[in-house]
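> Okay, sequence plus prediction incoming.
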Amino acid sequence: MLTKSIKTGLFSAAVTAFCIESFQALSQSSVDSTNIFLLAISQQLANSSAPIANMSMVEGFTAKASDVQINVLYFISLALALSVSSVCILGKQWIREYQKDLSVSPCDAIRVRQARFDSLEAWKVPQIMAGLPVVLLAALMLFFSGLLIQLWNASDPTTAAAVTFVVSLTAILVIVTTVVPACVSMQPRRSSFAPFRSPQAWIFFVVFRWLQSWYNRKYKVWNEHPPIRSSWSQFDLHFLKIEPNNWFGEISFMVFAFEALSWDLG
């Protein structure tokens, strides 16, 4: 929890630096206003009969649409990162209270511990903590979007192209590692245990299974799949222990058990 809060704080500090710089584009700088006044004075001195410059040139400033988009993306990213940091602090307080020892008998301590654990499960505290990296990842993607818009609006396409290439690789990695676990988990094979397990992959898996079930009901398509569980761990346990109904499932369960025993003894 502490490590996650520190990383979130570092990301927020980086985004804040970009927000400070980009926010200046939403209002007319004093240098531009001074240049407009100097231009009006020089025109007046050159031609005394010329009318005085209209102040609407200064007061009627409108920010560019691209600058507005950049600031929206940056500030939403910053708000999400700070929100994650705040929830991390709250979560640390919840865990500290859960781990607090009581000067009572062991039997009463076990009862209190179980009551606290049940309350954490009932109020979905583990799910809340597991969802924080997803929010932080969304903040990172928003920051990347604003960064690319800012670079492509600049006069250096080489830098923009290089950063776009790096960001594209990162986005492809995130998308692939989110989609692959859901796709391979639909097949009862040993490769169903894809290592790219993450909260965002589980959300995608649940949504994908729900859409598939809706499609099967709507068009009366029969397709048997294991039921949706509450987490990746429950899904793995269901795959290994609850459904060894065919010869492949029994063999897979025996292979995993043998490998685990070999690792423990070796």
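That came in fine, so what should we check first?
> quick one: low-confidence parts of the stretch 151-266 of the chain?
Low-confidence segments of the stretch 151-266 of the chain, defined by pLDDT under 70, are located at 186-193, 220-230, 237-266.
> Now do the helices in it.
Assigned by DSSP state H, counting those that start in this stretch, the stretch 151-266 of the chain shows helices spanning 157-184, 199-218, 232-237, 247-265.
> between these, which gets nearest to Ile95?
Of all those, helix 199-218 sits nearest to Ile95, with 17.9 Å by C-beta to C-beta. Every C-beta, even on glycine, is put in place using the N, C-alpha and C of the backbone.
> tell me what that closest one is packed against?
Helix 199-218 makes packing contacts with helix 125-152, helix 157-184 when contacts are defined by 3 or more C-beta pairs under 8 Å, 6 or more residues apart in numbering; DSSP states H and E.
> just the angle between the last one and helix 125-152, please?
Helix 157-184 and helix 125-152 are oriented at 150 degrees to each other (axes from the mean of the first three to the mean of the last three C-alpha atoms, to 10 degrees).
> Which strands or helices does helix 157-184 pack on?
helix 125-152, helix 199-218.
> Could you measure from Leu211 over to Lys64?
Computed as C-beta to C-beta, to the nearest Å, the Leu211 to Lys64 distance reads 39 Å.
> same check, this time on Ser85
Shown here: Ser85 relative to Lys64, a distance of 31 Å by C-beta to C-beta.
> Likewise for Ala25?
Relative to Lys64, Ala25 is positioned 7 Å away (criterion: C-beta to C-beta).
> who's more crowded, the two?
Neighbour tally, Ala25 and Lys64, criterion other C-beta atoms under 10 Å: the higher count belongs to Ala25, 17 against 11.
> Touching, Phe143 and Val72? I think so.
No. The pair formed by Phe143 and Val72 falls short of the contact definition of C-beta atoms under 8 Å, at 11.7 Å.
> out of the helices and strands packed on helix 199-218, deepest packed?
Most buried of the helices and strands packed on helix 199-218, by mean neighbour count (mean count of other C-beta atoms under 10 Å): helix 125-152, with a mean of 18.
> tell me the angle of it relative to helix 199-218?
100 degrees.
> In contact with Lys4, which residues are there?
Shown here is Lys4, whose contacts under the criterion C-beta atoms under 8 Å, 6 or more residues apart in numbering are 84, 88, 132-133.
> phi, psi of the closest residue to Phe18 other than its chain neighbours?
The spatial neighbour of Phe18 that comes closest, neighbours along the chain excluded (C-beta to C-beta, 6 or more residues apart in numbering), is Tyr74 at 5.5 Å. Backbone torsions of Tyr74, given as degrees, to the nearest 10, read phi -60, psi -50.
> right, and Tyr74 touches Ser22 too?
Yes. Under the criterion of C-beta under 8 Å, Tyr74 lies in contact with Ser22, with a separation of 5.6 Å.
> out of those two, which sits in the busier spot?
Per other C-beta under 10 Å, whichever of Tyr74 and Ser22 has more neighbours is Tyr74, with 26 against 20.
> before we move on, the earlier item: and the helices and strands packed on helix 157-184 as a markdown table, adding distance to Thr3?
Output for the helices and strands packed on helix 157-184, formatted as a markdown table (distance: least, C-beta to C-beta, whole Å):
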| stretch | distance to Thr3 |
| --- | --- |
| helix 125-152 | 12 |
| helix 199-218 | 16 |
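> what about those, which gets the closest to Phe165?
Taking C-beta to C-beta, helix 125-152 is the member of those nearest to Phe165, at 10.7 Å.
> Show me what the closest one is packed up against.
Under the contact rule (3+ C-beta pairs under 8 Å, 6+ apart), helix 125-152 is packed against helix 2-23, helix 65-99, helix 157-184, helix 199-218.
> Now tabulate those helices in a markdown table and tack on distance to Arg113.
Shown next, in a markdown table, are the helices and strands packed on helix 125-152 (distance: least, C-beta to C-beta, whole Å):
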| stretch | distance to Arg113 |
| --- | --- |
| helix 2-23 | 22 |
| helix 65-99 | 8 |
| helix 157-184 | 33 |
| helix 199-218 | 26 |
